[in-house]
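A.B. asks: my questions are about this predicted structure, shown below with the sequence.
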Number of protein chains: 2
Amino acid sequence: MMKAKIDDVAKLAGVSKTTVSRVMNKRGYLSDKTVKKVHDAMNELNYHPNVVARQLFKQETKLVGLIFPTVNNPFFGQLVSSMEKKLFSKGFKVLIGDSMNDPDKEKLYLQELMTHQVDGLIVGAHNHGIEEYKNTNLPIVAIDRIMNKDIPVVSSDNYLGGQLATQLLIDNGARIIVHTNDPQNIKSPAQKRRSAYEDTMIHNGLDPIVYTLEFDSNSDKKIDSIKRIFKENPNIDGLFVSNDMDAAQVMDVAKDLGYRIPEDLKVVGYDGADITRILLPSLTTVVQPIDKMADVAVSTLVARMQDVSYSSNKILPVKIWRGKTV
Amino acid sequence: MMKAKIDDVAKLAGVSKTTVSRVMNKRGYLSDKTVKKVHDAMNELNYHPNVVARQLFKQETKLVGLIFPTVNNPFFGQLVSSMEKKLFSKGFKVLIGDSMNDPDKEKLYLQELMTHQVDGLIVGAHNHGIEEYKNTNLPIVAIDRIMNKDIPVVSSDNYLGGQLATQLLIDNGARIIVHTNDPQNIKSPAQKRRSAYEDTMIHNGLDPIVYTLEFDSNSDKKIDSIKRIFKENPNIDGLFVSNDMDAAQVMDVAKDLGYRIPEDLKVVGYDGADITRILLPSLTTVVQPIDKMADVAVSTLVARMQDVSYSSNKILPVKIWRGKTV
């Protein structure tokens, strides 16, 4: 089948090419009748206006780039899926980049997305100190990540989440409570979960014990790190794990070592994504409002694009899901 | 900061604009010295050649569209993530569309992606009979989905998977074995899991019992459908569920009804995605080679783009993961 051209549309609609172009770009005065004639002709010919050509003229691409560690994760998968739906409903298509927490890869993505002339970016990768973000006039919104003072951050209430999780463990009798978190060089609001844990432990006269688990899950290295927690803390009776995937792995190791959950060991996770709630409903966890975070990030980005005012930082509430692990 | 223009690059490099353009598009004779001067000037000025303008000339966008039901799912999340990595390494960026099994949304995505002039498409959505796929010269590859005879399909060995799962249940003593699957109007190679189940049951002198579960998980409607299975089959002792997310929900309902797994009820799932293996390692399931499927789909697409020969249909092997549910 030959691809229809603008000439064909003009001919069929009985108008000039200029008129077709004005209808496509919504420019100048056009009668409803003319608009309808042109649209009918476009439909009949299955004509797809060439966005590539149009955008040179309009200076917008209707593309938004999303840079996140990976969609192969319950939290980020839901976040990206939710943002994509929201952006689609506002007329944007989504370019994704899985940065896998590799600063070089993230830098490359950023450069490539800028080359593709995206209209905006939403970033939730975990790397810090990428200079390129400063050298762009592109509207950017960050999720759960502090970038620089000009970039608004959407996050949920990580401090409250850390407080609720730790207090829940203490209220249920745990005393030797270990917290696991990302490496501290990652500048994320999620580090507030750690501060909240430490503050709550000290407030209750208990000693904070923090271990670092790298993001890259499923590795033998992670399993070794988890085993070390149990070896170094033989009397451990509680664990506040900073994400649910790690919590699942921690519980797996604990069961292998003979711990009964929650009798011997109480566990609270973090994130509460839909997939996790279906595959591991027994896990007690702090639920982030993921779909709401996606909504707010998209609205903030669109406001930035349109130079409408927006609140620079937005912190959304969290809640506890009571499973059976506490 | 003012955005650098091609004029600035030409001035700094001490060459003409035409030369800069020839360097960018790798056209005509250019000395190494000239190429280096231009690249140095581009780097110094942080100049991003405008792909939008370039692609009008080169007729390629280096964009590949992925249309899948959702990335918020362990199987599709891993598949999309894996394809994105592979495509990125080959110089392509990825546009995603979550069609949520809505034929109208899928049609719209397809139109929009064609408008954005993607270089190719990989499709794994579940809808059938979308005419638009026929009206395009775009290179397309399908995953686990039969579209039309011109479009190559990558899948894993669904018939073998169904056989292995059913035989495993029978070998471990189950006799009243129910199979759940997608609605039959979905033209997916995954329907072969159903045929294999039916053949294996009959071959063993047992009666096949098949129930349909809609893809849209997490809904009360799905829970009701699952409850009906147990109500209508009070002596049920085995379940072969066609995806792991459904298997998790089926087991949750079963436990609430007082079934002990695997003592009273043996369950085999399907997919074996990384996330599922971490969150629900106890589930015995048929593991699809997801990363390998992603690799083959990308290689096939690239071969189609370059008019290199490729095998039209590719079926990859599966294996059983022995958890604790059989």
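C.D. replies: Nice, thanks for sending it over. Residues are numbered from 1 along each chain as shown, chains lettered A, B, ... in the order given.
A.B. asks: give me phi/psi at A:L63?
C.D. replies: phi -110, psi 140 (degrees, to the nearest 10).
A.B. asks: now for the host helix or strand of A:A254, which elements pack on it?
C.D. replies: Counting by DSSP states H and E, the element that carries A:A254 is helix A:244-256. If contacts are counted by 3 or more CB pairs under 8 Å, 6 or more residues apart in numbering or on different chains; DSSP states H and E, helix A:244-256 sits against helix A:74-89, helix A:220-232, strand A:238-241, strand A:266-271, helix B:274-279. Just so you know, the C-beta spots here come from the backbone N, C-alpha and C atoms, and that holds for glycine as well.
A.B. asks: redo those as JSON lines? Include mean neighbour count.
C.D. replies: Formatted as JSON lines, the helices and strands packed on helix A:244-256 follow (neighbours: other CB atoms under 10 Å in any protein chain shown):
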{"stretch": "helix A:74-89", "mean neighbour count": "24"}
{"stretch": "helix A:220-232", "mean neighbour count": "14"}
{"stretch": "strand A:238-241", "mean neighbour count": "29"}
{"stretch": "strand A:266-271", "mean neighbour count": "27"}
{"stretch": "helix B:274-279", "mean neighbour count": "23"}
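A.B. asks: quick one: which of these is nearest B:N313?
C.D. replies: B:N313 lies closest, by CB to CB, to one member of the helices and strands packed on helix A:244-256: helix B:274-279, at 25.7 Å.
A.B. asks: chain center to the closest one, what's the gap?
C.D. replies: How far helix B:274-279 lies from its chain's middle: 17 Å, per CA atoms, centre = their mean, to the nearest Å.
A.B. asks: touching that helix from outside, list them.
C.D. replies: Residues outside helix B:274-279 that contact it (CB atoms under 8 Å, 6 or more residues apart in numbering or on different chains): A:72-74, A:217-218, A:244-245, A:248-249, A:275-276, A:279-280, B:74, B:77-78, B:244-245, B:269, B:283, B:285, B:290, B:321.
A.B. asks: next one: stretch A:80-95
C.D. replies: By CB under 8 Å, 6+ apart, the list of residues contacting stretch A:80-95 reads A:62-66, A:68, A:71, A:96, A:113, A:116, A:118-119, A:122, A:290-291, A:294-295, A:297-298, A:302, B:63, B:70-72, B:93-98, B:112-113, B:116.
A.B. asks: let's see which of those residues end up in strands.
C.D. replies: In strands, judged by DSSP state E, the following of these are found: A:63-66, A:68, A:96, A:122, B:63, B:93-98.
A.B. asks: need the buried ones from those selected in ChimeraX.
C.D. replies: Buried residues within these, by 16 or more other CB atoms under 10 Å in any protein chain shown, are selected in ChimeraX with:
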select /A:63,64,65,66,68,96,122 /B:63,93,94,95,96,97,98
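A.B. asks: closest to B:D32 among the ones in strands among the contacts of stretch A:80-95?
C.D. replies: Among the ones in strands among the contacts of stretch A:80-95, and counting by CB to CB, the member closest to B:D32 is B:K93, at 29.0 Å.
A.B. asks: that closest one pairs with what?
C.D. replies: B:L63 (DSSP bridges).
A.B. asks: what about the stretch 151-300 of chain A, any weak spots by pLDDT?
C.D. replies: Within the stretch 151-300 of chain A, the ranges that satisfy pLDDT under 70 run A:185-187, A:215-218.
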